[in-house]
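Undergrad: Here's a sequence, model it:
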Amino acid sequence: MLSEHPSDATHRVYVRGQVVTTLRFEKAVDTTRTKLLGWEGRLEPLVVVRNKVVLEPMHDLADDEGIPLIVTLVDGTEAAFLLRHPGWRHSNGADQQVDVFKDPESYASMHAALLRALKENSTLTEENERYRKEEVSEDHALAALLASEAIAQTPFKLADRFSGKDDESEVDAQVFQGKGKVAVVFKVKNTHSQEPWSLKSARLVTKDGGHARAVAIRVTTREITLGSSGVVAAVVDSSAFMEEGVLTSLFLEIYRQDGLRQAFVQLDPALLAR
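TA: Presented below is the predicted three-dimensional model:
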């Protein structure tokens, strides 16, 4: 939604190298008065097709780099944008199609707003249902105790440990054995110079076949600030190890905010205490 309020920042459009991003307007675009500033060597030449502006960077922009874009419609309306790298807050990737509306009460604008609201409502409904189930889940309760480092209050015993680090973080992990359950506790220290660390997702799959399995996850904080540490705890029930009636090994992976895999551990059925 285009805004004329003086306090509103320039609209960001997030782009990636060799990925096409299209801006779609309600009216035709004036080719002669639509331009990029300082784009040479970083983007392919700007393409305008009727009411669409097509962008394609040759390579990723730097985190602190921004390229201004001025779009002028045939009715004289001007809209300013700033092309940016998605960064860690937009780790899902580049914008694919950006629909731009001037009149918030037009049919197309209201239809887009309705679809967005329905999508957000569906997401919130799913989250509420997931939270409701987690509140009564034994595995999530155990994961919460492990995340708060109250290991003595759980039935788990230490079975193994490992550690590793890269330029942005350090990870110390402990693998625990329990009665009919296995747990892993990752202690993550954020050593990045600028960005906080956060858990994007956790994935538990069978070693043979890669079939997804349920895993209870708890974290101590949504974001780990620079120089600080946080804990990610995972609890796996014995039923997850069953594959067509036979016990099988599992792979547990955790992914950080930019989509990269931060840690990986193989869980064998032998960890299940009797």
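Undergrad: Give me the three-state assignment for residue 192.
TA: coil (DSSP: H, G, I helix; E, B strand; the rest coil).
Undergrad: Please name the residues that touch it.
TA: By C-beta atoms under 8 Å, 6 or more residues apart in numbering, residue 192 lies in contact with 167-169, 226. Every C-beta, even on glycine, is put in place using the N, C-alpha and C of the backbone.
Undergrad: Can you give me the separation between the residue nearest to residue 248 when sequence neighbours are not counted and residue 177?
TA: Distances taken as C-beta to C-beta, 6 or more residues apart in numbering place residue 206 nearest to residue 248, at 5.3 Å, with adjacent residues excluded. Residue 206 sits 20 Å away from residue 177 when distances are taken as C-beta to C-beta, to the nearest Å.
Undergrad: ok, now residue 39?
TA: 57 Å.
Undergrad: What segments of the stretch 101-250 of the chain are strands?
TA: In the stretch 101-250 of the chain, the strands defined using DSSP state E, counting those that start in this stretch lie at 157-165, 169-178, 181-190, 199-206, 216-219, 229-237, 242-243, 246-247, 250-256.
Undergrad: Please convert these to a markdown table, extending it with distance to residue 86 and mean neighbour count.
TA: Output for those, formatted as a markdown table (distance: least, C-beta to C-beta, whole Å; neighbours: other C-beta atoms under 10 Å):
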| stretch | distance to residue 86 | mean neighbour count |
| --- | --- | --- |
| strand 157-165 | 25 | 12 |
| strand 169-178 | 20 | 19 |
| strand 181-190 | 20 | 23 |
| strand 199-206 | 13 | 17 |
| strand 216-219 | 23 | 21 |
| strand 229-237 | 23 | 23 |
| strand 242-243 | 37 | 15 |
| strand 246-247 | 41 | 11 |
| strand 250-256 | 14 | 20 |
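Undergrad: Adding mean pLDDT and distance to residue 12, write those out as a markdown table.
TA: Below are those laid out as a markdown table (pLDDT from 0 to 100; distance: least, C-beta to C-beta, whole Å):
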| stretch | mean pLDDT | distance to residue 12 |
| --- | --- | --- |
| strand 157-165 | 93 | 32 |
| strand 169-178 | 95 | 26 |
| strand 181-190 | 96 | 25 |
| strand 199-206 | 94 | 20 |
| strand 216-219 | 94 | 28 |
| strand 229-237 | 95 | 28 |
| strand 242-243 | 90 | 45 |
| strand 246-247 | 90 | 49 |
| strand 250-256 | 95 | 22 |
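Undergrad: Okay then, goodbye and thanks.
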